[in-house]
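**Student:** what follows is a protein structure lacking sequence information:
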């Protein structure tokens with residue numbers, strides 16, 4: 001992945017990510033989601049753009065269309081974990097959770113986490129949306 005890291009970051013920016021340039025970059029709003037590749041923060045994305053970015057990245061990974069130079073940077077075994085943001089639910093007066101009609105999503109650490117390193121557990125599954133084999137990891 002290191003030989004295609006620059007191309008991969010460019011692809012993510014075209015899909016809607018705001019890239020982090022240096023450690024002294026601008027501070028993004030608290031509701032923006034981090035995009036992390038192998039433990040390194042590449043940038044941030046708006047929560048409403050994140051599902052589109054993840055679905056587009058999965059489609060590129062499954063289709064393995066290598067006609068475009070940027071698409072070559074997406075490895076077939078890339079793990080794409082999208083942890084959607086959520087919200088806390090209130091406690092009732094008697095101390096029980098008040099989850100009436102609310103979905104309990106990931107509130108504490110949402111983001112898009114990408115893994116490309118070797119020695120990960122991956123398995124092939126059929127992606128019904130794209131109609132191809134997708135290699136997924138335990139977080140997906």
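**Tutor:** Cool, got the structure. Values in this document were obtained by computation on a predicted structure and should not be read as measured data.
**Student:** and residue 133, which of the three is it?
**Tutor:** strand (DSSP: H, G, I helix; E, B strand; the rest coil).
**Student:** count the neighbours of the closest residue to residue 65 other than its chain neighbours for me.
**Tutor:** Counting by CB to CB, 6 or more residues apart in numbering, the nearest residue to residue 65 once its immediate chain neighbours are dropped is residue 71, at 5.5 Å. Where you see a C-beta, it was placed from the backbone N, CA and C, and this is true even at glycine. Other residues near residue 71 come to 15 when the count uses other CB atoms under 10 Å.
**Student:** try residue 120
**Tutor:** Residue 120: 13 neighbours (other CB under 10 Å).
**Student:** which element is it on?
**Tutor:** For residue 120, there is no host helix or strand (DSSP states H and E).
**Student:** once you drop chain neighbours, what's closest to it?
**Tutor:** Residue 120 sits nearest to residue 137 (CB to CB, 6+ apart), 5.6 Å away.
**Student:** averaged pLDDT, stretch 46-58. What do you get?
**Tutor:** Averaging the model's pLDDT scores along stretch 46-58 yields 94.
**Student:** would you mark the buried spots in that stretch?
**Tutor:** Residues 46, 50, 53, 54, 57, 58 are the ones in stretch 46-58 that count as buried (16 or more other CB atoms under 10 Å).
**Student:** would you turn those into CSV with secondary structure and distance to residue 128?
**Tutor:** Output for those, formatted as CSV (DSSP: H, G, I helix; E, B strand; the rest coil; distance: CB to CB, whole Å):
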residue, secondary structure, distance to residue 128
46, coil, 27
50, helix, 21
53, helix, 20
54, helix, 16
57, helix, 17
58, helix, 12
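**Student:** residue 116: which of those residues is nearest?
**Tutor:** Using CB to CB, the shortest approach to residue 116 within the buried residues of stretch 46-58 belongs to residue 57, at 11.9 Å.
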